[in-house]
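> Sequence first, then the predicted structure, then my questions.
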Amino acid sequence: MALSGMRGLSVFISDVRNCRNKEQERLRVDKELGNIRTRFKNEKGLTPYEKKKYVWKMLYIYMLGYDVDFGHMEAVSLISAPKYPEKQVGYIVTSCLLNENHDFLRLAINAVRNDIIGRNETFQCLALTLVGNIGGREFAESLAPDVQKLLISSSCRPLVRKKAALCLLRLFRKNSDILNVDGWSDRMAQLLDERDLGVLTSSVSLFVALVSNNHEAYWNCLPKCVKVMERLARNQDIPQEYTYYGIPSPWLQVKTMRALQYFPTVEDPTIRRALFEVLQRILMGTDVVKNVNKNNASHAVLFEALALVMHLDSEKEMMSQCVALLGKFIAVREPNIRYLGLENMTRMLMVTDVHEIIKRHQAQIITSLKDPDISIRRRSLDLLYGMCDVSNAKDIVEELLQYLATADFAMREELALKAAILAEKFAPDLSWYVDVILQLIDKAGDFVSDDIWFRVVQFVTNNEDLQPYAALKAREYLDKPAIHETMVKVSAYLLGEYSHLLARRPGCSPKEIFSIIHEKLPTVSTPTIPILLTTYAKILMHSQPADPELQNQIWAVYSKYESCIDAEIQQRAVEYLALSRKGEALVDILAEMPKFPERESSLIKKAEDTEADTAELSAIKLRTQQQTSNALVLTDQRPANGAPQVSQLGMVMVPSTSNVDQNTVDQRVTQSNGTLSAVDPQLPVQDHAPAGDILGDLLSPLAIEGPPSVSPQSELNGVPSYEGIPGANDALALAHVGDQESTVKPIGDIAERFHALCLKDSGVLYEDPYVQIGIKAEWRGHQGRMVLFLGNKNTAPLDSVQAIILSPSHLKSDLSLVPEVIPPRAQVQCPLEVVNLRPSRDVAVLDFSYKFGTYLVNNKLRIPAVLSKFLQPVQVSAEEFFPQWRSLPGPPLKLQEVVRGVTPMSLGEMANLFNSLRLMVCPGLDPNACNLVASSTFYSENTRGMLCLVRVETDPADRTQLRMTVASGDPTLTFELKEFIKEHLVSIPTGGKPPAPVAQQPQPTNPPIASSDPGALLAGLL
């Protein structure tokens, strides 16, 4: 800014700079502000020069950090001045002092618009600069059309059009909902033909913003972008002022390639060939030179080209060329180039068929792990973690363990976590895994989280062959004079459980094991002492009959801690001391820990949750995730467009033995997010009809039976009672999903996938050419946790993704938010929590839809949260079985039925089926070798744990029929379990009416049976 001639302003600035302290400066500023305020009160007496001078002083005071709460009107009024000096001051001060929500800006809109539509190019540039800097909603609403006209005007100079493009970009970024960009594809195509590189660069910046918001509307611009790339690559018609160190407009090249990455793919073979020729030229023409500025520019273009190559999923030859080029970069001395090479090579891991090529550079990557620059070391660690597989896991993990001893403290926690995950995922054998984890704890104990040693304990507990080896290794580490406390924890636990397996080895007697562990007791912290006390109890248990000397030593330790101030330590000491006095009974009380249920590794989950935004995300995937995602929102109100349109499923009734549940629990409406909202029970019956109709549209027609005590009250919810209807007893309660009319056909049989998942906890639920839905579940009591894995199999994103859970009334479900867009070749995990309220065979339904290109795909998939998932197998002895069986005299607690049409299977196959349904087959209870007896415990929120007993009598001569008896303490549970087992035994036809029920045959009266024979007694009872 030119301040020549403003003597008063120069004097004021000199006075402020000459102030000796802050107080003097504040007094001088207050004096000047008072003077300016006085002069502004008599504004009519001010000349344009004086007004300009005082406004400059206000701006200088504002820049010093003082509040300026007056004079804004004077600054805005200068915008309307006819001369450039005053107008310049007005625009600069207004853009600095006022924000987009200031009321005075409304007064300036007309003046700014007049300058934009005027013929003075200087005034147009000032106005566009102000609009771009402030970018408020009112400016966007009032001035955006005029700015657009300037951009496409052929009469404006390139300088004005450049500013217009950047101004429009700013307005679009801040107010994309206000700007009307419909029909702009032709205009953008016209702008991409611009010969002036300044206007073209600004226009491409705007184009990147537009195409990131909606690429579908700009397909006609794709060939124009490729032509721009060809022009720049061949250096055709490029002015000297836009050539940077011999590189034609590197900024324009980068922006154009970034815009191309928002398009899913390039289908036209001519355009694709031309684009690959340009990319090939960039890859071949880039090399490392001594000039830093040229290096920066050329590598910016190169790495953007690499991102585009990965996005387009180019031919393997070009991918190999990219990896070879990156391999050359990670070996140079320049740290910035090495960093970028490692980062982009990590991104290349997301591309198929290049892993083996990247492995050739493993030695150089390991060398980079010892680089002085910590950022390079981090990128090397990320790359080694990503490229590890079964073939090189041993080498990489050993290198990580060696590096762990000298690694920075800032990296050790991440390094330990990744080494533990790699050892778990790619272990050639479990003994090697145990060695790695124990070395990890020994070398970096402070940085090893509890999850790591918890995981190794789970592996050892679940693998009997591994237990002696793990205990021996733990014993060896305890011989060291100084070990980390985490090593004490894991060693004490393993030796407490499995030291008896080493009893014959020298130095591994119970007394010696206790002595070496007890030596560590004074060195550990309070949270570790309870683990050691438990270990002492286990050692004492394994040494029964106990050695008196060892027993007295352990009792002395417990007595010492009986009065400990820590409640956990005190409680364990008191309880273990009392238990240890029980002698032989201690063996049963402190038996070995049972096997842990199979579950997802907490280490892998932790790594996924804490994974930072590293180079492991490709550029296009990263930008896709940065876009706004309209995820499902939990709400208690019906969606604006009504219930989702689902016609393939029908109403499913929950059999109940009481009339109360039907009016309270079943009166619910399924919401779009899978939650349930209760309907007011005070409404009359006719008011419930619409809800019943909605559910009737959601769920397909199905004949459902109930136990003999089902009340007609169930028809209040629009569900007819099926009591007494012929054929109802053989109908399925599983919701039937019909064939969906869609141009995208599923891969495989959906029904077979569902039935397979009813018998196991993980697998694929649905798959088509574009998406795969997998399920992994864990069940505990009446609760279940399922994870839906939504995978995009293609190189283009899936749009408009929605997942809705339609839950029956006996299940409570909570599905986490599902993103609306699934990036290319990415997988989204959506946890689903399920709570079982009462027994029922009805199933929840997943309404899943997505859009791929022009295809809108919608599927209704049954979720395998079936009745058997809430069963817990339990082994029942004869002493426990017979009293329970006698206490259940007959219907409705004990139901018997002759089942015909059974799928022929051997007795062993039937036993395997029962085990898959979580029914424990109890051998030896039935004297007839052709019969099966099974037991299990059913869990629900209402019934909690309830024992269920099943007996199946088969005929070796006719495997297509059998007699089944089911008993439990709840009539609804008995009926539902009987029908559920029958559904898995009977060969069900795909169409036609179900067969009529077979009347039960009267049972012959058995003579008294001697109670000394359990098998004969069971046969008599049955």
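Perfect, thanks for sending it. Numbering: from 1, shown residues only.
> Going by C-alpha atoms from here, please, whenever you check contacts or count neighbours.
Will do.
> where's the residue nearest to residue 935 when sequence neighbours are not counted, which helix or strand?
Closest residue to residue 935 in three dimensions, ignoring its sequence neighbours and counting by C-alpha to C-alpha, 6 or more residues apart in numbering: residue 949, at 4.6 Å. Per DSSP states H and E: residue 949 is located in strand 944-955.
> Name the helix or strand of the chain that has the lowest mean pLDDT.
Least confident helix or strand of the chain, by mean pLDDT, DSSP states H and E, is helix 685-698 with a mean of 31.
> for the following helix or strand past that one, packing partners?
Using DSSP H and E, the helix or strand that follows helix 685-698 in sequence is helix 750-759. Contact analysis of helix 750-759 by 3 or more C-alpha pairs under 8 Å, 6 or more residues apart in numbering; DSSP states H and E lists strand 762-767 as its packing neighbours.
> Please identify the buried residues of stretch 324-342?
324-331, 335, 337-342 (16 or more other C-alpha atoms under 10 Å).
> which two from those end up farthest apart in space?
Farthest pair in these (C-alpha to C-alpha) is 324 and 335. Separation: 18.2 Å.
> Look up phi and psi at the residue positioned nearest the centre of the chain.
For the chain, the residue nearest the mean C-alpha position is residue 829 (4.2 Å; C-alpha atoms, centre = their mean). With angles defined as degrees, to the nearest 10, residue 829 sits at phi -100, psi 130.
> can you pull the contacts of the closest residue to it other than its chain neighbours?
The shortest distance from residue 829 to any non-neighbouring residue, by C-alpha to C-alpha, 6+ apart, is to residue 789 (4.8 Å). By C-alpha atoms under 8 Å, 6 or more residues apart in numbering, the contact list for residue 789 reads 772, 773, 774, 775, 827, 828, 829, 830.
> Flag every buried residue along the helix or strand where residue 789 lies.
Assigned by DSSP H and E, residue 789 belongs to strand 783-792. Applying a neighbour-count criterion of 16+ other C-alpha under 10 Å, the buried positions in strand 783-792 are 783, 784, 785, 786, 787, 788, 789, 790, 791, 792.
> Could you export it as PDB, CA atoms only?
The C-alpha trace of strand 783-792 is given here as PDB (Å, rounded to 0.1, in the frame of the first residue of the first chain):
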ATOM      1  CA  GLN A 783     -26.600 -61.100  24.500                       C
ATOM      2  CA  GLY A 784     -24.800 -61.200  21.200                       C
ATOM      3  CA  ARG A 785     -22.300 -59.000  19.400                       C
ATOM      4  CA  MET A 786     -22.200 -59.300  15.600                       C
ATOM      5  CA  VAL A 787     -19.900 -57.400  13.200                       C
ATOM      6  CA  LEU A 788     -21.200 -56.800   9.700                       C
ATOM      7  CA  PHE A 789     -18.300 -56.600   7.200                       C
ATOM      8  CA  LEU A 790     -19.500 -54.500   4.200                       C
ATOM      9  CA  GLY A 791     -16.900 -54.900   1.500                       C
ATOM     10  CA  ASN A 792     -16.700 -53.000  -1.800                       C
END
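> For it, what is the distance to the chain centroid?
The chain centroid and the centroid of strand 783-792 are separated by 10 Å under C-alpha atoms, centre = their mean, to the nearest Å.
> Equivalent analysis for stretch 893-909, please.
Offset of stretch 893-909 from its chain centre (C-alpha atoms, centre = their mean): 43 Å.
> Next: stretch 919-935.
Centroid separation for stretch 919-935 versus its chain: 44 Å, with C-alpha atoms, centre = their mean.
> Could you tell me the end-to-end distance of that stretch?
6 Å (C-alpha to C-alpha, to the nearest Å).
> name the element residue 801 belongs to?
strand 799-806.
> Ok, residue 336 next?
helix 335-348.
> I'd like the average pLDDT over that helix.
Across helix 335-348, pLDDT averages out at 88.
> just the helices in the stretch 851-1000 of the chain please.
878-886, 907-916, 971-985 (DSSP state H, counting those that start in this stretch).
> quick one: which of those helices is nearest residue 379?
Taking C-alpha to C-alpha, helix 907-916 is the member of the helices of the stretch 851-1000 of the chain nearest to residue 379, at 45.7 Å.
> Which strands or helices does the closest one pack on?
Helix 907-916 makes packing contacts with strand 920-921 when contacts are defined by 3+ C-alpha pairs under 8 Å, 6+ apart.
> and the strand it packs on, which strands flank it?
strand 931-940 (antiparallel) (DSSP bridges).
> So what touches the partner strand?
781-782, 835-839, 870-876, 911, 914, 918-923, 925-926, 944-954.
> Tell me the gap between it and the middle of its chain.
For strand 931-940, the distance to the chain centre is 36 Å (C-alpha atoms, centre = their mean).
> Now do it and strand 944-955, the angle between them.
160 degrees (axes from the mean of the first three to the mean of the last three C-alpha atoms, to 10 degrees).
> Tell me the buried residues in strand 931-940?
Neighbour counts over strand 931-940 (16+ other C-alpha under 10 Å) mark 931, 932, 933, 934, 935, 936, 937, 938, 939, 940 as buried.
> Using the three-state scheme, assign residue 832.
strand (DSSP: H, G, I helix; E, B strand; the rest coil).
> Model confidence at the nearest residue to it once chain neighbours are set aside, what's the number?
Among residues not flanking residue 832 along the chain, residue 815 sits closest, at 4.5 Å (C-alpha to C-alpha, 6+ apart). As predicted, residue 815 sits at a pLDDT of 88.
> closest to residue 161 among the buried residues of stretch 324-342?
residue 340 (35.3 Å).
> give the contact list for the residue nearest to the centre of the chain.
So residue 829 contacts 787, 788, 789, 790 (C-alpha under 8 Å, 6+ apart).
> In a markdown table: the residues you listed, plus pLDDT and distance to residue 272.
Formatted as a markdown table, the contacts of residue 829 follow (pLDDT from 0 to 100; distance: C-alpha to C-alpha, whole Å):
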| residue | pLDDT | distance to residue 272 |
| --- | --- | --- |
| 787 | 89 | 39 |
| 788 | 89 | 36 |
| 789 | 88 | 33 |
| 790 | 89 | 30 |
